[in-house]
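>>> Return atomic coordinates for the entry below.
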Amino acid sequence: MYSAPDFTLFDSAKNPVSLHDFKGKKVVLLFFPLAFSSVCTKELCYVRDNMSLFNNVDAQVLGISVDSLYTLAKFREEQGLGFPLLSDFNKEVSKLYNALYDEFSYNMKGVSKRASFVIDRQGMIRYEQVLEKAGELPDFEAIQKTLASID
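Below is the predicted model of the structure:
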């Protein structure tokens with residue numbers, strides 16, 4: 001266990017959101033490569049469709065990608081996502097969490113890896129999974145088990 005690096009990013013509604021705003025609450029950070037891509041859509045729609053699993057254990061979900069906040073706003077609206085999407089356009093937070101591809105598909109550089117982190121009420125990382133293959137989905141079962149184990 002180690003302390004989750006704090007950050008402030010803008011959400012799709014242009015509001016600054018800081019990790020420390022959620023002190024005292026469980027947080028699930030979901031880094032994803034690109035809005036509107038098929039696997040990212042599947043991942044975030046899974047969370048949307050299973051929000052009760054997160055709400056029932058008092059967990060705040062935050063989606064993070066290097067997309068612009070304008071792209072994320074459209075993606076969030078089209079998919080009906082009921083949790084914040086944060087723009088890491090400058091790639092600083094993805095780097096902090098070691099969740100950044102040097103090179104992604106089509107020669108794109110600096111795209112977020114698909115990664116998940118569960119942070120406890122004291123700001124400690126209790127679970128992390130950084131996937132090298134963007135086509136894989138997070139282990140939502142392990143995320144739920146970790147959330148359930150946190151008082």
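
>>> does the residue nearest to residue 121 when sequence neighbours are not counted sit in a helix, a strand or a coil?
The shortest distance from residue 121 to any non-neighbouring residue, by C-beta to C-beta, 6 or more residues apart in numbering, is to residue 24 (5.2 Å). For every residue, glycine as well, the C-beta is placed using N, CA and C. At residue 24 the chain is in coil, as set by DSSP: H, G, I helix; E, B strand; the rest coil.

>>> next one: the one 10 residues further on
The three-state label for residue 34, taken from three-state DSSP, comes out as coil.

>>> what about the closest residue to it other than its chain neighbours, how many residues close to it?
Counting by C-beta to C-beta, 6+ apart, residue 40 is the residue found nearest to residue 34 once chain neighbours are left out, at 5.9 Å. Counted with other C-beta atoms under 10 Å, residues neighbouring residue 40 total 23.

>>> Thought residue 31 was touching residue 40, still the case?
No. Residue 40 lies out of contact with residue 31 (C-beta atoms under 8 Å); the separation is 10.2 Å.

>>> Wait, the residue nearest to residue 121 touches residue 119, no?
No. With contacts counted by C-beta under 8 Å, residue 24 stays clear of residue 119, the gap being 11.2 Å.

>>> ok, the two, which is more surrounded?
residue 119 (26 against 9).

>>> Isn't that one up against residue 23?
No. Look at residue 119 against residue 23 with C-beta under 8 Å: they stay out of range, at 9.7 Å.

>>> From residue 30, how far off is residue 105?
As judged by C-beta to C-beta, to the nearest Å, residue 105 and residue 30 stand 20 Å apart.

>>> Same question for residue 89.
Distance from residue 89 to residue 30, by C-beta to C-beta: 17 Å.

>>> quick one: which of those two has more around it?
Taking other C-beta under 10 Å, residue 89 and residue 30 do not tie; residue 30 has more neighbours (23 against 16).
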